[in-house]
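Q: fold the stuff below for me.
(one chain, ligands or ions: 2)
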Amino acid sequence: MSVAVIDLQEFEQGSAAERARVAAQVDSACRETGFLVISGHGVPEADIADIRQAVAMFFAASEDIKRDVRAGPGQPYGWLGMGTEALAKSRGEQTPPDLKESFNGGPLTRPEGEGDPDALAFCYAVTPYPRVPGFREAWQGYYRRMERLAQQVMALFAVALGRDAGFFEPYIDAPISALRALNYPATDRPAEVGQQRAGAHTDYGSLTILLPDAGSRGLEILSPSGEWVPVDAPEGAFVINIGDLMELWTGGAWRSTLHRVVVPAELAGRQRASLAFFHQPNWHAEVRPLEGDGDAVTSGPYLMAKFAAATT
Ligand SMILES: O=C(O)CCC(=O)C(=O)O
Ligand SMILES: [Fe+2]
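A: Ligands and ions are numbered 1, 2, ... in the order given. As a prediction, this is how the structure comes out:
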């Protein structure tokens, strides 16, 4: 399925008419599929090459190097090995674990005065960086780029929703986003019944910025007509999807779409690698529908509960 391609540069530098056109494109993509592709994003190719290389070196490293940075029980950052997560469980579905390993990192700074014990123990936990030359620099450089890009896309979302570009700022000025490097190794063993590379789930936060390796296949979304359809990731562009909190903000008008990563026999022998940046509003942000009534969800505790459900 081809999802709408949005040119961020056109939105940021275009005439009023061009801005309005891009915003309308975003609005319809978010209503229909909840997925879009962003070009004109300005993220330098060198930064992308650096993190891809660092992450590939980590996943190819010895068990020792990985175990050094293993995430402790209930902890979100560091290495989560094979068998530790089943994304479908975040929705209450019992499935075998996803066929993947990941390295995960959190915010690079902590807001002064943050005293919430869950926030400190969970999303502001220290990210343990592996003993891989250049890893930390590449990771943090890419994280900063993604944080900035997510802010730009949130401004575009605000305009697409008929608000001022700065509308979301108070909710996302101390974001608790996570960067995850995902490695789905090639295998010659058949998957168990109900087992995927990533089980069907929705993302939890405001938006996700995906960068699958060139040629990686297997990502599927549930189309409005109820069929699973593959999503292609064009070279040089990011795939963006909205998460549960953005759906909530729009009172359900925009869709936090169910998606998964499948591993049919013809793909099993091919590794998939992907970088996923999960933009998440401030720990304390209270998200409720912009119009009408509706209960509020607090960003941090919501994320923590979803993570816990998927990793136990
Ligand atoms: O492998 C990917 O590109 C996406 C995985 C995914 O949807 C997720 O981890 O939330
Ligand atoms: Fe996802």
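Q: show me the helices in the stretch 1-150 of the chain, by range?
A: For the stretch 1-150 of the chain, the helices defined by DSSP state H, counting those that start in this stretch occupy 8-13, 16-32, 45-60, 63-67, 117-121, 135-160.
Q: can you get me a residue count around the nearest residue to S256 once chain neighbours are set aside?
A: Nearest residue to S256, sequence neighbours excluded (CB to CB, 6 or more residues apart in numbering): E247, at 3.9 Å. Quick note: C-beta positions are derived from backbone N, CA and C, even for glycine. A count of neighbours around E247, defined by other CB atoms under 10 Å, yields 22.
Q: and V263, by the same measure?
A: For V263, using other CB under 10 Å, the count is 25.
Q: hang on, isn't it packed against R197?
A: Yes - here V263 lies in contact with R197, judged by CB atoms under 8 Å, at a distance of 4.9 Å.
Q: show me the common contact partners of these two, please.
A: Listed contacts common to V263 and R197 are 99, 184, 218; contacts here mean CB atoms under 8 Å, 6 or more residues apart in numbering.
Q: on the pLDDT front, check the last one for me.
A: Yep, that's G218 we're talking about. Per-residue pLDDT puts G218 at 95.
Q: how near is it to P230?
A: Computed as CB to CB, to the nearest Å, the G218 to P230 distance reads 8 Å.
Q: between those two, which one's more packed in?
A: When neighbours are counted by other CB under 10 Å, G218 and P230 differ, and G218 comes out ahead with 21 against 11.
Q: next, format the shared contacts of V263 and R197 as a markdown table and append distance to D68.
A: Converted to a markdown table, these look like this (distance: CB to CB, whole Å):
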| residue | distance to D68 |
| --- | --- |
| L99 | 23 |
| Y184 | 22 |
| G218 | 30 |
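Q: closest to N282 out of those residues?
A: Nearest to N282, judged by CB to CB, of the shared contacts of V263 and R197 is Y184 at 31.3 Å.
Q: hey, what's that closest one bridged with?
A: In this entry, Y184 is beta-bridged to R272, by DSSP bridges.
Q: let me know the pLDDT of it.
A: For Y184, pLDDT reads 97.
Q: so what's it up against?
A: Neighbouring residues of Y184 by CB under 8 Å, 6+ apart: 99-100, 197-198, 218, 261, 263, 271-274.
Q: ditto for S216
A: By CB under 8 Å, 6+ apart, the neighbours of S216 are 233, 272-274.
Q: now with 7 Å, please.
A: 272-274 (CB atoms under 7 Å, 6 or more residues apart in numbering).
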